[in-house]
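Novice: return a 3D structure for these sequence lines:
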Amino acid sequence: MLNISGLREGIVLDHIEAGRSLDIYYHLGLDKLECQVAIIKNARSSKMGRKDIIKIEGGLDKLDLQILGYIDHNITVNIIQNNKIIEKKTLKLPQKITNVIKCKNPRCITSIEQELPHVFYLADEQREVYRCLYCEEKYGK
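Specialist: Below is the predicted model of the structure:
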């Protein structure tokens with residue numbers, strides 16, 4: 001049995017779909033942080049069968065919950081202090097995301113004006129569809 005030590009202060013991202021942890025690692029910019037980050041892939045889960053877990057040393061200020069909510073709003077965010085879970089945050093799809101996905105429409109202003117942020121708004125929550133703020137290009141998962 002693999003043993004990963006506990007976390008005194010930090011964040012645990014739990015219930016990540018198996019195989020998605022590295023995608024989340026790079027989208028959140030965890031590779032640029034100086035703190036310790038542990039990735040556990042394919043952990044056994046009674047609820048999911050297999051899941052990934054990410055443990056991040058330090059405070060919640062290191063995480064963009066908007067990006068995390070967009071990637072997978074079923075992830076549980078556990079806040080750890082003094083080796084104990086003090087809070088569990090549930091995520092939801094963000095109403096607006098900036099510079100997470102790129103507009104693929106070649107006629108969109110973002111392909112001409114390179115410095116413009118890529119802004120998408122949630123158009124259909126049931127189908128998880130986002131649309132470009134500038135050209136209305138549809139982006140679904």
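Novice: ok, Leu133 - contacts?
Specialist: By Cβ atoms under 8 Å, 6 or more residues apart in numbering, the residues touching Leu133 are 96, 119-121. Placement of C-beta: from N, CA and C, glycine included.
Novice: let's see it at 10 Å
Specialist: Counting by Cβ atoms under 10 Å, 6 or more residues apart in numbering, Leu133 touches 96, 98, 103, 108-110, 116-121.
Novice: which of those residues are buried, as a ChimeraX select command?
Specialist: In ChimeraX, this line selects whichever of the contacts of Leu133 come out buried by 16 or more other Cβ atoms under 10 Å:
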select :103,108,110,118,119,120
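Novice: kindly indicate which of the contacts of Leu133 lies nearest Ala38.
Specialist: Comparing the contacts of Leu133 against Ala38 with Cβ to Cβ places Thr98 closest, at 28.6 Å.
Novice: isn't the closest one up against Ile67?
Specialist: Yes. Assessed by Cβ atoms under 10 Å, Thr98 is found in contact with Ile67 at 9.5 Å.
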